[in-house]
Each structure stands twice: as C-alpha cells, then as structure tokens.
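[1] for reference, the sequence and a predicted model appear below.
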Amino acid sequence: MRVLVTGANGNIGRAVCARLAAENAEVHALVLDEPAPDTAAHTVVGNAGDPGTVRAAIGGGVDAVVHLAAIPSPDLGTPVEVFGGNTRATFNVLEECAQAGVRRAVIASSYSILGLRFAPRVLHPAYYPIDEATPFQIEDAYSLSKQADEATAAMMHRRYGMDVVALRFPYTADWDAIRRTAELCEREPAKMAADSWSYLHVDDAAEAVWLALTRELQGFHAVLLAAPTTMAAASTVELIRRYHGETELREDIPGHRSPIDTTAIERLLGFRATRTLAG
C-alpha cells in the first residue's frame, strides 16, 4: 500500500508514518519543513496548497492519502491565513489525489469544529454526551476551516467517488504533553472545560487513521474520537454541572468517562482508544 501523508512531520503525522511503516506501507511524505520522518520512502518539502508540490509528493502514484497538514490554531496566523491556508490545502490535496485516481482519503478534522475551543467568549455545548449531531457554534477561522474541509471532502465523494473519513481529533499528544496538561487540568479544571476534559494519545490517533484507510466503507463520514476517560480528577458529571451548568445532560456519564460519544467511530471502523492515563 502506498500512502501520501501531508503534514508528515507533525504531532500526529509522525505517529501515522510509523504506524504505516509497521504495516509495510510505502510512505510518501509531504512536509512544510525538514526534517521528514525516517519512515518515509519518498519525501517532498513544500506547501500542501500548491498543486505542483502535491503532484510531486504523489510521485509515481499512491493508493490513499492522509491529509494532516494545517495551521492548527487561529492564533498562528491572521484569520485569512488560517482559513484560507487550511481550506486551500485540503481542496488542493484531495483534488490532486482524485485526479490521480486515489479513491480513499483520511483527513484531520477536529473536535474544535464545535466552536467551543477557540471562541472569543465562553460557550457551552447544546448537550452532553457530545455526538456528531451536536450543533456547531463557530466563531473563529480555524474551526470554520474544519467545517469547510468536511464540506470539501463530502464534495470529493460526490464528484469522484472518493471515500473519505474525517477524524474529529480532540486534544491529541504524546504522554509527556498529556500528563502536563492533566496536571494543569487537576489544578485548574476550567482550563480544559472548552475541550470537555478529553484527550487522545497520538498512537491511538494513528490506529484510527490506519483503520480509516483499510476498513471497507463508502461515502463521506465525519466522526468523533477520544480516550474513554477524561484527564480530570473530578467526575465528569460534577465538571459538567460546574462549568457547563446550563447544558442538557441527556444521559448519565458515570465516573470519569469522556463526555464525547464515540459510538459512531466504533460502528464505522471498530475503533476504540486503548491508551489512557488510568493505565
């Protein structure tokens, strides 16, 4: 299997490349800057929004694409740079791959598509547990770019028959970063209230990508994922009542269970995150 990975030297990208290499897949890496992952068989340095760069990264052909390249926060550029850069890159990568005959893609969407994480004011989800039907409340360029990315992916399926999975990643990191954030969360739970105190280890993210590449499916699918437990010391219901007191609680969330419903991704891909702070 030959797979193009954009953003291959990023947080999730390196874990994805390692997972693909473990399956003896041939990794075509597209990176904005060196160094590229050691697991890449073919590397191109350049911007994912440039058609020629993406064509060079495809090289002699790939079977699938994992699009992870993006400006990951509205604070890392102007609104035009963030929205314009992210949406151009997503359209360009999927369009070039579709023109090259690629019919399976995985793109990085985000829990931030709900609008809570980067809003300039405190927002609350419509209800808990959060699921794929939870209404968006977008007020920032990054979250809006993810909504546009998902719309682009759905169009690529309609136009080319490309099957696409958009993974709505929560806060995703390695153990060192997750533990540091968990320590902050224990001291100041409000700091992670917009994230619903949820997280995902990068190796679980890579496993979800692998399943999204290889499971039989058709169409466009946008799914949430998260570790099964939160990173907070207090119980999930206690936290919701304290920081999202007006949010409807549609069902009990026992103990420290994540308030993100992962039923859809379990049904679609058979994926369940296995790496948790609880061990």
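    Cool, the structure landed.
[2] and the strands in the chain?
    Along the chain, the segments classed as strands by DSSP state E run 2-6, 26-31, 42-45, 64-67, 104-110, 127-128, 163-169, 172-173, 200-201, 220-224, 248-249.
[3] out of these, flag the one nearest residue 184.
    strand 172-173 (12.5 Å; C-beta to C-beta). All C-beta spots, glycine's among them, are computed from the backbone N, C-alpha and C.
[4] quick one: contacts of the closest one?
    When contacts are defined by C-beta atoms under 8 Å, 6 or more residues apart in numbering, strand 172-173 is touched by residues 11-12, 181, 199-202, 205.
[5] is it possible to get TSV of the residues you listed that adds neighbour count, pLDDT and distance to residue 173?
    Converted to TSV, these look like this (neighbours: other C-beta atoms under 10 Å; pLDDT from 0 to 100; distance: C-beta to C-beta, whole Å):
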residue	neighbour count	pLDDT	distance to residue 173
11	17	94	7
12	25	98	9
181	18	97	7
199	28	98	7
200	24	98	8
201	21	98	7
202	24	98	6
205	26	98	9
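[6] of the residues you listed, closest to residue 165?
    residue 205 (12.6 Å).
[7] could you list which of the contacts of strand 172-173 belong to helices?
    Here DSSP state H is the test, and these give 11-12, 181, 202, 205 as lying in helices.
[8] and which of these is nearest residue 195?
    Of all these, residue 195 sits closest to residue 181, with 9.1 Å by C-beta to C-beta.
[9] got a list of what the closest one touches?
    Residues in contact with residue 181 (C-beta under 8 Å, 6+ apart) are 171, 173, 192, 199, 231.
[10] how about 7 Å then?
    171, 231 (C-beta atoms under 7 Å, 6 or more residues apart in numbering).
[11] cool, and residue 224?
    So residue 224 contacts 111, 130-132, 168, 260-262, 264-265 (C-beta under 7 Å, 6+ apart).
[12] now the strands of the chain in TSV, with distance to residue 84?
    Converted to TSV, the strands of the chain look like this (distance: least, C-beta to C-beta, whole Å):
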stretch	distance to residue 84
strand 2-6	17
strand 26-31	19
strand 42-45	21
strand 64-67	16
strand 104-110	17
strand 127-128	33
strand 163-169	19
strand 172-173	24
strand 200-201	27
strand 220-224	22
strand 248-249	36
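[13] can you tell which of the ones you listed is closest to residue 154?
    strand 220-224 (4.3 Å).
[14] got phi/psi on residue 140?
    phi -140, psi 160 (degrees, to the nearest 10).
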